[in-house]
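Peer 1: Structure, please.
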Amino acid sequence: APRCGRVRALGSRGARRATDVEVMEVMVDLEGSVPLLPGMRADVFAPHGRFVRNTDAPREVWIGGGVGISPFIAWLRDEAADRFDKVTLFYFHTPGREFPQMPVLQAIAQTRGAELVGVPGGPDDPAFAARFADLCRQHGAGAVDVAFCGPTGLLEAVRGAMKANGVPAGNLRHELFEFR
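Peer 2: Here you go, the predicted structure:
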């Protein structure tokens, strides 16, 4: 049987409580030591229900760090959703460890009309700083709505980028997603 240390749900839709999570994809950590067998009980840790898309925002900026990409994948796959042409998704990842891999995520984003910006170099990566600043100039800092899901350290860097570009602190919604 495959072995699993963590099972990570990559997205949920319409969940009202933790027990209602609809798992869309699962990532298995093969370095773990617990056998994974059909019918086993699993504790799933993922955002569920409170972190929702702000479709009223003039310009949406989604920022996912590592496994924090999960809710954004769910949002992109929501067949009832639209207006992805106003979305820029920044995906902070470690090259070779991203899941899903960049070409897969690029295909999902492209199909829905969203812009994907891969950020392999961390919060100081010019790919993030330059594109985020461009979006703020192009659309006006007050029009940029930031949805963030990822680790605390990255959240602080995002707050710094928002401040540097004049985006009001109230335009940030976030869900922390860290494994301890």
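
Peer 1: what are the ranges of the strands in the protein?
Peer 2: Secondary structure of the chain (DSSP state E): strands at 3-4, 7-9, 26-28, 34-35, 59-65, 87-92, 115-119, 144-150, 172-176.

Peer 1: With mean neighbour count and distance to Arg137 added, can I get the ones you listed in a markdown table?
Peer 2: In short, each C-beta sits where N, CA and C put it, glycine included. Output for the strands of the chain, formatted as a markdown table (neighbours: other Cβ atoms under 10 Å; distance: least, Cβ to Cβ, whole Å):
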| stretch | mean neighbour count | distance to Arg137 |
| --- | --- | --- |
| strand 3-4 | 17 | 45 |
| strand 7-9 | 20 | 36 |
| strand 26-28 | 14 | 36 |
| strand 34-35 | 12 | 49 |
| strand 59-65 | 25 | 11 |
| strand 87-92 | 25 | 13 |
| strand 115-119 | 19 | 16 |
| strand 144-150 | 24 | 10 |
| strand 172-176 | 17 | 18 |
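
Peer 1: can you list those strands in a markdown table and add distance to Asp125 and mean pLDDT?
Peer 2: Conversion of those to a markdown table gives the following (distance: least, Cβ to Cβ, whole Å; pLDDT from 0 to 100):
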| stretch | distance to Asp125 | mean pLDDT |
| --- | --- | --- |
| strand 3-4 | 31 | 42 |
| strand 7-9 | 24 | 46 |
| strand 26-28 | 23 | 48 |
| strand 34-35 | 35 | 60 |
| strand 59-65 | 12 | 97 |
| strand 87-92 | 8 | 98 |
| strand 115-119 | 5 | 97 |
| strand 144-150 | 14 | 96 |
| strand 172-176 | 19 | 88 |
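
Peer 1: okay if I get those as CSV plus distance to Phe51?
Peer 2: Listed next are those as CSV, based on distance: least, Cβ to Cβ, whole Å:
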stretch, distance to Phe51
strand 3-4, 25
strand 7-9, 13
strand 26-28, 19
strand 34-35, 28
strand 59-65, 11
strand 87-92, 15
strand 115-119, 19
strand 144-150, 7
strand 172-176, 4
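
Peer 1: In this protein, what helix or strand scores lowest on average pLDDT?
Peer 2: Across the helices and strands of the chain, the lowest-confidence element by mean pLDDT, DSSP states H and E is strand 3-4, at a mean of 42.

Peer 1: before we move on, back to that, nearest approach to Pro126 belongs to which of the strands of the chain?
Peer 2: strand 115-119 (9.4 Å; Cβ to Cβ).

Peer 1: Summarise which helices and strands the closest one is packed against.
Peer 2: Where contact means 3 or more Cβ pairs under 8 Å, 6 or more residues apart in numbering; DSSP states H and E, strand 115-119 is packed against strand 87-92, helix 102-112, helix 126-139.

Peer 1: Okay then, goodbye and thanks.
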